[in-house]
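Student: next come a sequence and a model predicted from it.
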Amino acid sequence: MISTVLSRAQHGMEAPLVRVEVHLDNGLPRFTIVGLPEAVVKESKDRVHAAIVNCGLQMPDGRITVNLSPADLRKEGVRFDLPIALGILIASQQVVQLPFENCELYGELSLGGEIRPVRGALLAATAAARVGHRMIVPPTNAAETLMVTGCRVAVAKHLLDVVAHASGASLLSFAEGVAPPVVAAQCSDMSEVRGQLQAKRALEIAAAGEHSLVLIGPPGTGKSMLAQRLPGLLPAMSEADALEVAAIRSVAGLLLKPAHWRVRPFRSPHHTTSAVALVGGGSSPRPGEVSLAHHGVLFLDELPEFDRGVLEVLREPLESGSVTISRAARQAEFPATFQLIAAMNPCPCGYLGDVQGRCRCTAEQVQRYRSRLSGPLIDRLDLHVEVPRVPMELLAVASTAAETSEVVAARVLRAREQQIARQGTLNSRLDNKAVERFCAATRDAIALLNRATEALGLSARAYHRILKVARTVADLAQTDPIEVRHVGEALALRVLDRKQSG
């Protein structure tokens, strides 16, 4: 007898359909799984055997062959336990096939038959909804799969629940997925930041054009405070973007709470983070911090304290918006369109230029500290802003004139809508050809930029990034051509270029 049960594999951000084919034959007892299964998939035969027996069902005698088709696609994870068990029961005529046509099954089986959660269920739900398939999933995976609009999902806690559904004794109830309601994100407000007018202006520009930003200043001046307020300036994600973010979390084995639906992620890894944890990897490739920050913010505090090799791996995702992880037998690509915000001290002790005589760092120590950031990485950072110490009189008196995040976010949204209408994307994502087309500047503005490029020894990449920042400044001012004042502000917000040239 032969039976076929549907499921899906998980490769990077793809969920290809897998047909679990089971064949029973006479002969000496043998249980074989073929179709490029990884070790954990091969081990499923022992879990499946114990689960079937402990549920009071009959494990067939003779030869059992399970083929995971397509056979040239590598299979991994525990998601195939339930479809393999069901395929055996259908092939041995203990269960009928009909209730499971166009239905995909997922779940790890315990030795007693309980169905346990799997990774990447939301990714599978998105693919299943696209082709009109139903799904049977463990209880823990129900919430994420029901986030996919139009996906029909049933929950099974035990293998016997699936058997009862097949016999008609107790039918599983299929619910149709609906996107969760949008909940206003609880973010810290910009009005709480005292002083730091230039830094707050840089934060607004960064939010409007999705530009990367590094904040430089002594300890306690509000660098982290400013970075944590960036998500409050960004518009809510679209439903498609929210599903993509949720799918990445599902692949990484992280649950997404409905209250966080369409809320942009904010990731802040410690400076001891490894390169693999930052960009993803492992023998079975998983997304790293840059992918978990997709469509959101990646905040790197104490930037020079990160290992230089770790920082260098950021160069590719900053340029391409994706990460490709290659292994000998496989390749996985994860999206990584994130906004980088970093903070750093001006020197090892942190007090260079802060209070007269407080810094004891030598010129060589300062140079060694700053050299932890390579020139190519600094080139890819759009804005470098100093965050000086705030005078005590500003700290002691509450300001009622400070703009709230809501006011700034309205300007950011208006600028973003203008960019999308003009060029179909945000300014930071423009390629060189698009920069020439959409970043038209006056003759005087170009002359100023050319003089600054020669005086500071800027690269062609830095030249184009300054022009894109100037385009964002002009968009916030609601002007079409880029003028001298826009280029001048963009140049003023790249302090590291001036220090390196000096």
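Tutor: Everything's here; your move. Numbering: from 1, shown residues only.
Student: C-alpha from now on. contacts and neighbour counts both.
Tutor: Will do.
Student: packing partners for whatever helix or strand G488 lives in?
Tutor: Per DSSP states H and E: G488 is located in helix 484-492. If you count contacts as 3 or more C-alpha pairs under 8 Å, 6 or more residues apart in numbering; DSSP states H and E, helix 484-492 packs onto helix 443-456, helix 460-476.
Student: which one of the ones you listed lies closest to G56?
Tutor: Closest to G56 of these, according to C-alpha to C-alpha: helix 460-476, at 67.2 Å.
Student: so which bits of the lengthiest strand in the chain are buried?
Tutor: Selection of the longest strand in the chain by residue count, based on DSSP state E, yields strand 17-25. For strand 17-25, burial by neighbour count (16 or more other C-alpha atoms under 10 Å) applies to L17, V18, R19, V20, E21, V22, H23, L24.
Student: make CSV out of those residues and add distance to A127.
Tutor: Converted to CSV, the buried residues of strand 17-25 look like this (distance: C-alpha to C-alpha, whole Å):
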residue, distance to A127
L17, 9
V18, 12
R19, 15
V20, 17
E21, 20
V22, 24
H23, 27
L24, 30
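Student: out of those residues, the closest to R130 would be?
Tutor: Here the nearest of those to R130, counting by C-alpha to C-alpha, is L17; it sits at 11.8 Å.
Student: would you agree that closest one is in contact with Q10?
Tutor: No - counting by C-alpha atoms under 8 Å, Q10 is not a contact partner of L17; they are 9.2 Å apart.
Student: mind listing the shared neighbours of the two?
Tutor: When C-alpha atoms under 8 Å, 6 or more residues apart in numbering defines a contact, no residue borders L17 and Q10 alike.
Student: D72: how many residues sit nearby?
Tutor: 10 (other C-alpha atoms under 10 Å).
Student: swap in D46?
Tutor: Neighbourhood size, D46 [other C-alpha under 10 Å]: 12.
Student: state the helix or strand in which it lies.
Tutor: With DSSP H and E as criterion, D46 is part of helix 44-54.
Student: isn't G195 right up against V390?
Tutor: Yes - if you go by C-alpha under 8 Å, G195 and V390 touch, sitting 6.3 Å apart.
Student: who's more crowded, the two?
Tutor: Comparing G195 with V390 by neighbour count (other C-alpha under 10 Å), the higher total belongs to G195, at 20 against 14.
Student: phi, psi of the more buried one?
Tutor: Dihedral angles of G195 (phi, psi; degrees, to the nearest 10) stand at phi 70, psi -150.
Student: relative to L226, how far out is it?
Tutor: Separation of G195 from L226 (C-alpha to C-alpha, to the nearest Å): 11 Å.
Student: what about the helices in the stretch 251-400 of the chain?
Tutor: In the stretch 251-400 of the chain, the helices defined using DSSP state H, counting those that start in this stretch lie at 275-279, 289-292, 308-312, 315-320, 363-370, 375-379, 392-396.
Student: hey, least reliable of those helices by pLDDT?
Tutor: If you rank the helices of the stretch 251-400 of the chain by mean pLDDT, helix 392-396 sits at the bottom with a mean of 73.
Student: quick one: contacts of that one?
Tutor: R194, G195.
Student: can you rerun that using 10 Å?
Tutor: V193, R194, G195 (C-alpha atoms under 10 Å, 6 or more residues apart in numbering).
Student: if we can go back for a sec, parallel or antiparallel, which strands does the next helix or strand after the helix holding D46 pair with?
Tutor: As assigned by DSSP H and E, the chain's next helix or strand after helix 44-54 is strand 63-69. Using DSSP bridges, strand 63-69 pairs in its sheet with strand 17-25 (antiparallel), strand 30-34 (parallel).
Student: next structured bit after strand 63-69?
Tutor: Next along from strand 63-69, by DSSP H and E: helix 81-91.
Student: circling back to that earlier point, any idea which of the strands paired with strand 63-69 gets closest to L213?
Tutor: Per C-alpha to C-alpha, nearest to L213 of those: strand 17-25, 41.4 Å.
Student: how many neighbouring residues does the closest residue in space to T472 that isn't next to it in sequence have?
Tutor: Distances taken as C-alpha to C-alpha, 6 or more residues apart in numbering put G209 closest to T472, at 5.7 Å, once the chain neighbours are dropped. Here the number of neighbours of G209 (other C-alpha under 10 Å) works out to 26.
Student: separation between G209 and P285?
Tutor: 31 Å.
Student: with T453 instead?
Tutor: 41 Å.
Student: so which residues of the stretch 101-250 of the chain form helices?
Tutor: In the stretch 101-250 of the chain, the helices defined using DSSP H, counting those that start in this stretch lie at 121-131, 142-145, 159-167, 197-209, 223-227, 239-251.
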